[in-house]
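# Provide a 3D model corresponding to the input given below.
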Amino acid sequence: MDYTAQQFKDAARRAYQAGDYASAKSLIARGRALEASQPSAETGSALSPEQIASLKAAKAGTLKVDPAHRAQAEELNAKGLKAIVGDEGRVMAGLEGHAQGITLGLSDEILAGMDHFIDGKDYNQSLAFRRAQLAAARDNHPGYAYGGELIGAVVSPINKISAPFKVAEGAGVAARIAPEAANAALQGGLYSFNAADGGAGKRAESAAYGAGISGLIGGALPVAGKVAGFAKDHLVKNPALAVSGVRNDTVARNYVADVLAKSGKSADEVDAAVARAAANGQPEYTVADAIGKEGGRALGALSRAPGNARDKIAQALWDRQTEQASRIGGFIGEAFGADGTKKAMRKAEEAVRKAEANVNYGAAGSMAAPVDVRGALATIDERLKPMRGMGVADDGIAAKLAKYRSRLAAANPKKPNTSVELSDFNRVLGVKREIGDEIGAAVRAGRNYEASELGKLKAALDSALEDASPGYRKANDDFAAASRVIDQFDEGSNAARTGVRFQDTIDHFGGLNAPQQDAFRTGYADAILGKVEGKDIGVNATRNLTGEKRAAEIAAMDKTGNLNDRIAREADMFRTHSVATGGAATAERLSDDAVLSASLSFAGDLASGNYKALALRAAGKFVAAGTGQNDATKAEIARILMGSDIKTAIQEARAMNIAKNEKAAIIRDILNRALMPVKAGAASSYTSR
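Numbers count the residues shown, from 1 in each chain. As a prediction, this is how the structure comes out:
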């Protein structure tokens, strides 16, 4: 009985399924020889006598295969197996593809191994049959087969093992390219190696080619994703939110994060600075102040743009600046313990000194003996004697000394050439006090020599009064101590002058007792407060409170220990105000002028037909919309910068960006894995050439 070619194929399939691989191979060859002996469908001609002879030999099983043509024979055998498999249906095609994808191209090898170890079949023949099944599935139902393979490649757990290179959390595009390219190259190379036909050499060549293609695609995907994300945000999402007026929190927080990054400070540093300010009684100190110049510039950009945010920023900064001098005055008063002005405090100290002196000297006078003023008179005569009888005019000091001599002694009318001296304690004390006042006036007027000569007379009277009353010395000491305290009011004021060396001031202050230091602080504070109070709004009230001299002196005398920090923060706040408003109250007017000018220019360009300029203006509007900064978004940026909490905003921005990057990474990973079968196929095509 003669068989048809199809019958030979059917018999070969049954033999293969029964495990009779030798018979199946023989039947395939005989069916192929029968087909070849028939006239060609294309040419209508029969095979040559040589070809017919070869087919007959194959049918008889006596055909010798030249080793040089063995690969060609194997290819023909594979095609024969493919013909035997036939059409297994769409579901099976999808399963075949899925198995190949989820094992990264190893399903045919795995199933052939199972045939060998479980059923005892020949591994190579089983592998050929399994590959024939996959090829038939791809030919008969490509959508199901390749679709199943793509899904399998995406969900394959082997991808986790074959992706060792980690990408840092929140990494940018540049930081992602190398690790993602390396992971893609490893995965693509592995898939191409597994999916290739032939021996180790062919597989290695396919793996190298697949790794190269995968690496290029994997490295390009982060860039492509960034471009796509930028287009989505700036051409779709942001403009839509800007036009709708909806607040764009992502844009607001990313804007603040960019401002912070430009400043070179961390969110923790800014947060700590704002917290310290609040603890030191400066709740007005904001995130923008702590950021520094970049914070002021950011507020400036908002305050110069039309909208509600501009008005709120300008008003808040203006209100804060109007209170600067008052705040600083309070800080100085607290730091130096100055409860009043120098004049008032000095007057109060002098009143206390006078009251105590009246009591002390009164008590000393009630117990006093007559005062012997002859020593004081001798002091005067010693100064006046050389000038008498020489025709030399007396100087002003001599005249004053002569005046006091006449107060202390007079000629005795009862005994010629004798005198009567003043001995009453209280009257002598009165003369001494007058001399003390005159000495003070001379010192203040710069007549130091006069003060020195009068001081000799005062010392002589003090000695006489002490001899006359045991209580006088204590009264005198108490008065001198009170006077030294009072003198420090002026000393403190003088030390605040710019020409005084700060080390001298610090040394002098360190040598004073506590009451004297308090008076010195009051005088110093009074002097620097005079440079602060009454400053015009818009003028930096800290201008005369900074610098090496002032900082060192304040540090030495500050009772609170934080005045320098408070002054530095006030300087920061002034800088923010200055940068944000342009240093003048006309910032709003200038901004309004710019808006009006832009509107007129639009109309002018349209009327004059200057369409190029009109297009550029429209492009500018489009770019502005692309940033998503409508009034609501600008107000949110201003709220963060003018508030006290930046960490929350930065954390939210980081979380948003991480979530966005994670989504993008998942999409890139899916694309990369889905493309692996395609890249493996390209690698196989390349190596088969």
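# mind splitting this structure into its structural domains?
Here the domain parsing of the chain from automatic domain parsing is 1-85, 86-156, 166-224+664-687, 369-468.
# if you average pLDDT over each of those, which is lowest?
Here these differ in mean pLDDT, and the lowest is domain 1-85 at a mean of 59.
# name the next helix or strand downstream of whatever helix or strand Phe479 lives in, please.
Assigning secondary structure by DSSP states H and E places Phe479 in helix 472-495. Using DSSP H and E, the next helix or strand after helix 472-495 towards the C-terminus is helix 502-510.
# which other helices and strands contact that following helix?
In terms of contacts (3 or more CB pairs under 8 Å, 6 or more residues apart in numbering; DSSP states H and E), helix 502-510 is packed against helix 472-495, helix 514-529, helix 548-557. Just so you know, the C-beta spots here come from the backbone N, C-alpha and C atoms, and that holds for glycine as well.
# tabulate the ones you listed (TSV), appending mean pLDDT.
Listed next are those as TSV, based on pLDDT from 0 to 100:
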stretch	mean pLDDT
helix 472-495	88
helix 514-529	90
helix 548-557	92
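# out of these, which comes closest to Ala378?
Of all the helices and strands packed on helix 502-510, helix 472-495 sits nearest to Ala378, with 20.3 Å by CB to CB.
# contacts for that closest one?
Here helix 472-495 makes contact (CB atoms under 8 Å, 6 or more residues apart in numbering) with 342, 345-346, 349-350, 352-353, 356-357, 360-361, 363-364, 368, 462, 465-466, 500, 505, 508-509, 512, 515-517, 519-527, 553.
# which of those are buried, as a PyMOL select command?
Under the burial definition 16 or more other CB atoms under 10 Å, those of the contacts of helix 472-495 that qualify are selected in PyMOL by:
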select buried, resi 342+345+346+349+353+357+360+361+364+368+462+465+466+505+508+509+512+516+517+519+520+521+522+523+524+525+526+527+553
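# which strand or helix spans Ala410?
strand 409-411.
# which residues sit in contact with Ala514?
Ala514 neighbours (CB under 8 Å, 6+ apart): none.
# and it, how close does it get to Gly101?
Distance of Ala514 to Gly101, given as CB to CB, to the nearest Å: 87 Å.
# with Pro416 instead?
As judged by CB to CB, Pro416 and Gly101 stand 144 Å apart.
# the more surrounded of these two?
More neighbours surround Gly101 than the other of Pro416 and Gly101, with 29 against 7 (other CB atoms under 10 Å).
# from memory the more buried one sits against Ile151, does it?
Yes: with contact defined as CB atoms under 8 Å, Gly101 counts as touching Ile151 (6.5 Å).
# packing partners of the host helix or strand of Ala348?
Using DSSP H and E, Ala348 falls within helix 342-366. Using 3+ CB pairs under 8 Å, 6+ apart, the elements in contact with helix 342-366 are helix 425-445, helix 472-495, helix 514-529.
# can you redo the helices and strands packed on helix 502-510 as JSON lines with distance to Gly89?
Listed next are those as JSON lines, based on distance: least, CB to CB, whole Å:
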{"stretch": "helix 472-495", "distance to Gly89": "103"}
{"stretch": "helix 514-529", "distance to Gly89": "96"}
{"stretch": "helix 548-557", "distance to Gly89": "89"}
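# please identify the most buried of the ones you listed.
Neighbour counts (mean count of other CB atoms under 10 Å) averaged over each of the helices and strands packed on helix 502-510 peak at helix 514-529, with a mean of 21.
# quick one: contacts for Glu438?
By CB under 8 Å, 6+ apart, the residues touching Glu438 are Lys400, Leu454.
# return the distance of it relative to Ala464.
Computed as CB to CB, the Glu438 to Ala464 distance reads 18 Å.
# ditto for Phe117
Counting by CB to CB, the gap from Phe117 to Ala464 is 132 Å.
# and these two? which has more neighbours close in?
Set Phe117 next to Ala464 and count neighbours by other CB under 10 Å: Ala464 wins out with 22 against 10.
# doesn't the more buried one fall inside a strand?
No: judged by DSSP: H, G, I helix; E, B strand; the rest coil, Ala464 forms no part of a strand; its state is helix.
# distance of it from Tyr404?
Per CB to CB, Ala464 is found 13 Å from Tyr404.
# CA-only coordinates of the strand or helix carrying Arg327 in PDB, if you can.
Arg327 belongs to helix 324-336 when elements are defined using DSSP H and E. Extracted in PDB, the C-alpha atoms of helix 324-336 (Å, rounded to 0.1, in the frame of the first residue of the first chain):
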ATOM      1  CA  GLN A 324      11.800  95.800  64.600                       C
ATOM      2  CA  ALA A 325      13.200  98.700  66.600                       C
ATOM      3  CA  SER A 326      10.700  98.000  69.400                       C
ATOM      4  CA  ARG A 327      11.600  94.400  69.500                       C
ATOM      5  CA  ILE A 328      15.400  95.100  69.600                       C
ATOM      6  CA  GLY A 329      14.800  97.700  72.400                       C
ATOM      7  CA  GLY A 330      13.100  95.100  74.500                       C
ATOM      8  CA  PHE A 331      15.900  92.600  73.900                       C
ATOM      9  CA  ILE A 332      18.500  95.100  74.900                       C
ATOM     10  CA  GLY A 333      16.600  96.100  78.000                       C
ATOM     11  CA  GLU A 334      16.300  92.400  79.000                       C
ATOM     12  CA  ALA A 335      19.900  91.600  78.300                       C
ATOM     13  CA  PHE A 336      21.300  94.500  80.200                       C
END
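# same for it, what does it pack against?
helix 514-529, helix 548-557, helix 563-581.
# which one, of the ones you listed, ends up nearest to Val251?
That would be helix 563-581 among those, by CB to CB, at 20.1 Å.
# go through the closest one and flag the buried ones.
Here helix 563-581 shows 563-567, 569-581 as buried, counting by 16+ other CB under 10 Å.
# check stretch 442-461 too.
Buried-residue list, stretch 442-461, by 16+ other CB under 10 Å: Ala442, Arg447, Glu450, Ala451, Glu453, Leu454, Leu457, Lys458, Ala460, Leu461.
# which residues sit against that stretch?
The contact list for stretch 442-461 (CB under 8 Å, 6+ apart) reads 373, 375-376, 378-380, 383, 396-397, 400-401, 404, 428, 431-432, 435-436, 438-439.
# give me the below-cutoff pLDDT ranges for the stretch 551-689 of the chain.
583-629, 652-689 (pLDDT under 70).
# cutoff 50 now
584-602, 625-628 (pLDDT under 50).
# which SS class is Val420?
Using three-state DSSP, the secondary structure recorded for Val420 is strand.
# how many neighbouring residues does the residue nearest to it when sequence neighbours are not counted have?
Leaving aside its sequence neighbours, Val420 sits nearest to Asn412 (CB to CB, 6 or more residues apart in numbering; 4.9 Å). Asn412: 12 surrounding residues under other CB under 10 Å.
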